[in-house]
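Q: Turn this into a model:
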Amino acid sequence: MHSMHKLLMQCVTATVAVSLSTPATSQEPAAQGPVIKSEVSLVNIFATVRDKKKHIVPTLKKEDFHVFEDDQEQKIAFFANERALPITLGLLIDTSRSEENRLPAEQEAAAKFLDQVLRKGDEAMVISFGTDVDLLSDFTDDRTQLDRAIRSARINAPNVSMVNAGPLPPESRTRGLRGTAFYDAVWVACTEKLATEAGRKALVIITDADDQGSKVELKEAIEVAERTDAVIHILLVHDPGYGTRPDVAKKMAEETGGRVIDVGSMKHLQEAFEQISEELRDQYTLSYYPTNAARDGKFRKIKVETTDKELKVLARRGYYAPKG
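A: Reported below is the predicted structural model:
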């Protein structure tokens with residue numbers, strides 16, 4: 001089923017790219033055929049817009065948006081407000097010692113979240129991270145398998161009963177009772193799984209964001225998410241007896257176009273999941289061919305604005321240009 005989903009997403013992406021790079025009308029002789037832009041890669045942005053009361057605004061049109069790359073305005077080549085566009089989703093659950101008292105409630109809310117957010121054409125995977133990073137379920141649309149994977153998560157205990165179970169690389173982490181391979185989990189999810197996926201990609205992470213012992217650093221985790229075009233949403237949970245890093249969560253989410261929701265108590269966890277579900281569904285797709293055609297591999301800043309300055313746009317802040 002996953003191979004069919006992947007093929008479908010690749011076909012959709014290829015169709016969009018070709019249709020956008022082929023001029024609607026051509027002044028060239030018919031025998032020469034359409035001109036295909038092969039040197040400039042299409043940049044895709046998924047944006048959510050909220051008003052001052054933080055309500056989703058779903059009725060904007062193409063002309064209501066302005067997109068800038070390194071302060072240069074870009075021409076929007078493709079625009080859509082399609083709620084049914086398939087999502088490839090990674091659910092990451094912190095199973096370090098700091099989550100011991102909350103894990104059952106997190107599992108219950110996470111299972112309800114996937115059942116609520118996933119629709120036909122969507123797929124999800126489940127990863128837990130503590131001293132290890134473990135793949136509890138590979139990409140699937142099987143709700144029973146996903147539910148079983150979520151409920152199989154254990155505090156700092158690698159689970160080997162699931163198909164394609166971990167631990168996944170990278171290796172050689174600092175181990176201990178408070179080990180929290182948060183950055184490694186993001187790195188693994190993006191490089192090992194999401195990098196080969198097409199279309200809308202997102203990570204939803206339940207954690208206190210206090211990394212303990214990852215091999216990679218925060219900047220590396222963010223960079224790989226940006227290169228993979230993955231949006232990161234974080235449900236920030238915390239226990240008085242352990243540390244929490246709202247600054248880390250905010251940086252990771254904002255740089256990739258996601259949100260941080262501070263979950264002060266477990267009774268608000270389901271509400272937080274509902275907000276993320278809304279965020280994932282009510283997005284605009286904005287695509288453009290960058291005026292800077294250099295294939296230099298450098299990072300380029302993106303800014304998305306609306307003509308109504310009272311509205312707030314949530315979108316990724318940049319991307320890495322192709323190289324070579």
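
Q: For the rest of this, base every contact and every neighbour count on C-alpha atoms.
A: OK.

Q: Check the spacing between Glu220 and Val186 real quick.
A: 9 Å (C-alpha to C-alpha, to the nearest Å).

Q: With neighbour numbers in mind, choose between these two.
A: Neighbours were tallied for Glu220 and for Val186 using other C-alpha atoms under 10 Å; the higher tally belongs to Val186 (26 against 14).

Q: quick one: average confidence on the helix or strand harbouring that one?
A: In the assignment (DSSP states H and E), Val186 maps to helix 182-188. Along helix 182-188, the predicted local confidence has a mean pLDDT of 95.

Q: Direction included, what does the helix or strand just after that helix pair up with?
A: On the C-terminal side of helix 182-188, the closest following helix or strand by DSSP H and E is strand 200-207. Pairing partners of strand 200-207, with direction, according to DSSP bridges: strand 87-94 (parallel), strand 230-237 (parallel).

Q: neighbouring contacts of strand 200-207?
A: Defining contact as C-alpha atoms under 8 Å, 6 or more residues apart in numbering, one finds that strand 200-207 is touched by 46, 85-94, 99, 106, 194, 229-238.

Q: same thing but 7 Å
A: Outside of strand 200-207, the residues within contact range by C-alpha atoms under 7 Å, 6 or more residues apart in numbering are 86-94, 229-237.

Q: how far out from the middle of the chain is whichever helix or strand comes after that strand?
A: Using DSSP H and E, the helix or strand that directly follows strand 200-207 along the chain is helix 218-228. With C-alpha atoms, centre = their mean, to the nearest Å as the basis, the distance from the averaged C-alpha position of helix 218-228 to the chain average is 11 Å.

Q: swap in stretch 278-289?
A: Stretch 278-289 sits 12 Å away from the centroid of its parent chain (C-alpha atoms, centre = their mean).

Q: List of residues touching that stretch?
A: Counting contacts by C-alpha under 7 Å, 6+ apart, the residues outside stretch 278-289 that touch it are 40-48, 58, 74-81, 83.

Q: Ala77 and Arg316: what is the separation?
A: With C-alpha to C-alpha as the criterion, Ala77 and Arg316 are 18 Å apart.

Q: And these two? Which one has more around it.
A: Neighbour totals were compared for Ala77 and Arg316, and Arg316 leads with 25 against 15 (other C-alpha under 10 Å).

Q: nearest residue to the more buried one other than its sequence neighbours?
A: Excluding its sequence neighbours, the residue lying closest to Arg316 (C-alpha to C-alpha, 6 or more residues apart in numbering) is Gly257, at 3.7 Å.

Q: Surely the one you found and Tyr319 touch.
A: No. Taking contacts as C-alpha atoms under 7 Å, Gly257 lies outside contact range of Tyr319: 11.2 Å.

Q: Between the two ends of stretch 234-245, how far is it?
A: By C-alpha to C-alpha, the extent of stretch 234-245 from end to end equals 11 Å.

Q: still on that earlier bit, can I get the helix holding Val186 as CSV, trimmed to CA atoms?
A: Taking C-alpha atoms only, helix 182-188 is exported to CSV below (Å, rounded to 0.1, in the frame of the first residue of the first chain):
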residue,chain,number,x,y,z
PHE,A,182,15.3,14.2,20.4
TYR,A,183,17.5,15.7,17.7
ASP,A,184,18.6,12.2,16.5
ALA,A,185,14.9,11.2,16.1
VAL,A,186,14.2,14.2,13.9
TRP,A,187,17.3,13.5,11.9
VAL,A,188,16.4,9.8,11.4
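
Q: circling back to that earlier point, generate a ChimeraX selection restricted to the buried subset of the contacts of stretch 278-289.
A: Taking 16 or more other C-alpha atoms under 10 Å as the burial criterion, the selection of buried members of the contacts of stretch 278-289 in ChimeraX is written as:
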select :40,41,42,43,44,45,46,47,48,74,76,78,79,81
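
Q: how close does the nearest residue to Arg50 once chain neighbours are set aside get to Ile93?
A: With sequence-adjacent residues excluded and distances taken as C-alpha to C-alpha, 6+ apart, Arg50 is closest to Ile56, at 4.5 Å. In this structure, Ile56 and Ile93 are 27 Å apart, going by C-alpha to C-alpha.

Q: Neighbour count: those two, which is higher?
A: Comparing Ile56 with Ile93 by neighbour count (other C-alpha under 10 Å), the higher total belongs to Ile93, at 27 against 17.
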